[in-house]
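> dropping a prediction and its sequence here:
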Amino acid sequence: MNGKKFLAVVVVILALALGVAGNASAITNGQPDAGRHPYVGLLVFDDAPGHPAWRCSGSLIAPNVVLTAGHCTSGAVAARVWFYEDVTYNSVPYPLYPYGGPGSGAIEGTPYTNPDFCHYC
């Protein structure tokens, strides 16, 4: 696969540009996995400025890029990511809920979707 085609494949899936992210952890079979997946995060996307609309998971693939599914970014105007092993309401203090803002631990970013992505094809 040539470099241009590889880049197109990556963009089709999605690249979410972010600031520098810290260490992350994940859940395996419903249980925290003690850091065995250190680059997995919770993504929250806005369909209008300041209006959280849906969530997806994503993987940190570079210091400032998170990869997730194309349908996750389609229609999004803003995004943020958290790298906590447990993001349940009782484990992460407000203001993670309602998804963002100063002090939430989120890293703000801009969602990018490949222009050829077709959500309903």
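Sure thing, it's come through.

> quick one: Glu108 and Val66 touch, right?
No. Taking contacts as CB atoms under 8 Å, Glu108 lies outside contact range of Val66: 11.8 Å. Glycine gets a C-beta too; all of them are placed from N, C-alpha and C.

> need the pLDDT of Gly22.
For Gly22, the pLDDT comes out at 40.

> again with Ala76
For Ala76, the predicted pLDDT is 95.

> and what of Asp33?
pLDDT, read off for Asp33, is 76.

> who are the contact partners of the residue most central in space within the chain?
Centroid-nearest residue in the chain: Leu43, 3.2 Å away (criterion: CA atoms, centre = their mean). For Leu43, the contact set (CB atoms under 8 Å, 6 or more residues apart in numbering) comprises Leu16, Arg55, Cys56, Ser57, Gly58, Val66, Thr68, Cys72, Ala79, Arg80, Val81.

> would CSV of those residues with neighbour count and distance to Ser91 be doable?
What follows is the contacts of Leu43, written out as CSV (neighbours: other CB atoms under 10 Å; distance: CB to CB, whole Å):
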residue, neighbour count, distance to Ser91
Leu16, 28, 23
Arg55, 12, 16
Cys56, 20, 19
Ser57, 15, 16
Gly58, 26, 19
Val66, 27, 21
Thr68, 21, 22
Cys72, 21, 23
Ala79, 28, 22
Arg80, 23, 18
Val81, 25, 17
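
> could those be laid out in a markdown table, adding secondary structure and pLDDT?
What follows is the contacts of Leu43, written out as a markdown table (DSSP: H, G, I helix; E, B strand; the rest coil; pLDDT from 0 to 100):
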| residue | secondary structure | pLDDT |
| --- | --- | --- |
| Leu16 | strand | 36 |
| Arg55 | strand | 92 |
| Cys56 | strand | 94 |
| Ser57 | strand | 92 |
| Gly58 | strand | 94 |
| Val66 | strand | 93 |
| Thr68 | coil | 93 |
| Cys72 | helix | 94 |
| Ala79 | strand | 94 |
| Arg80 | strand | 92 |
| Val81 | strand | 92 |
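
> let me know the closest of the residues you listed to His37.
The nearest member of the contacts of Leu43 to His37, counting by CB to CB, is Ser57 at 10.1 Å.

> the closest one touches Val44, doesn't it?
No. Contact criterion CB under 8 Å: Ser57 and Val44 do not qualify, at 10.9 Å.
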